[in-house]
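In: Quick one, fold the following:
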Amino acid sequence: MEDFLKFIITPLLSEPKHLQITSTDNSITIKVGDPDVGRIIGKQGNVINAIRTLSRTYCAIHQLPPINILLLTPPAPAASQPAPATKS
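Out: Numbers count the residues shown, from 1 in each chain. Modelled structure (predicted):
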């Protein structure tokens, strides 16, 4: 399954060397470089949803148990706090 996901995801990346795929019993975690996170998610999540659909189909064809696909994303930058208002 990991090779299948690597085959699907690698052409989408601008930096394929940062692709990391780790698996547990019932889930696979995908980690890519920061510039490629948006490419893997796609507009309105269409790309990651397509990857999940393909993985479900792969599992069904090969008679494997279904798995969850998780994409690790970097934390959002902290919003800067406005300065407190002072009384005059």
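
In: For Ile70, which three-state class applies?
Out: Ile isn't right for residue 70; it's Leu. At Leu70 the chain is in strand, as set by DSSP: H, G, I helix; E, B strand; the rest coil.

In: Buried ones in the longest helix seen in the chain, by neighbour count?
Out: Using DSSP state H to define each element, the chain has its longest helix at helix 46-61. In terms of neighbour count (16 or more other C-beta atoms under 10 Å), helix 46-61 has its buried residues at 47-48, 51-52, 55. For the C-beta atoms, the positions are set from N, CA and C on the backbone; glycine is no exception.

In: Can I get it in PDB, CA atoms only?
Out: C-alpha atoms of helix 46-61 as PDB (Å, rounded to 0.1, in the frame of the first residue of the first chain):
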ATOM      1  CA  ASN A  46     -10.400  17.400  -3.700                       C
ATOM      2  CA  VAL A  47      -6.900  15.900  -4.100                       C
ATOM      3  CA  ILE A  48      -6.600  14.300  -0.700                       C
ATOM      4  CA  ASN A  49     -10.200  13.000  -1.000                       C
ATOM      5  CA  ALA A  50      -9.300  11.400  -4.400                       C
ATOM      6  CA  ILE A  51      -6.200   9.800  -2.700                       C
ATOM      7  CA  ARG A  52      -8.400   8.400   0.000                       C
ATOM      8  CA  THR A  53     -10.900   7.000  -2.600                       C
ATOM      9  CA  LEU A  54      -8.100   5.400  -4.500                       C
ATOM     10  CA  SER A  55      -6.700   3.800  -1.400                       C
ATOM     11  CA  ARG A  56     -10.100   2.400  -0.400                       C
ATOM     12  CA  THR A  57     -10.400   0.900  -3.900                       C
ATOM     13  CA  TYR A  58      -6.900  -0.500  -3.700                       C
ATOM     14  CA  CYS A  59      -7.800  -2.200  -0.400                       C
ATOM     15  CA  ALA A  60     -11.100  -3.600  -1.800                       C
ATOM     16  CA  ILE A  61      -9.400  -5.000  -4.900                       C
END
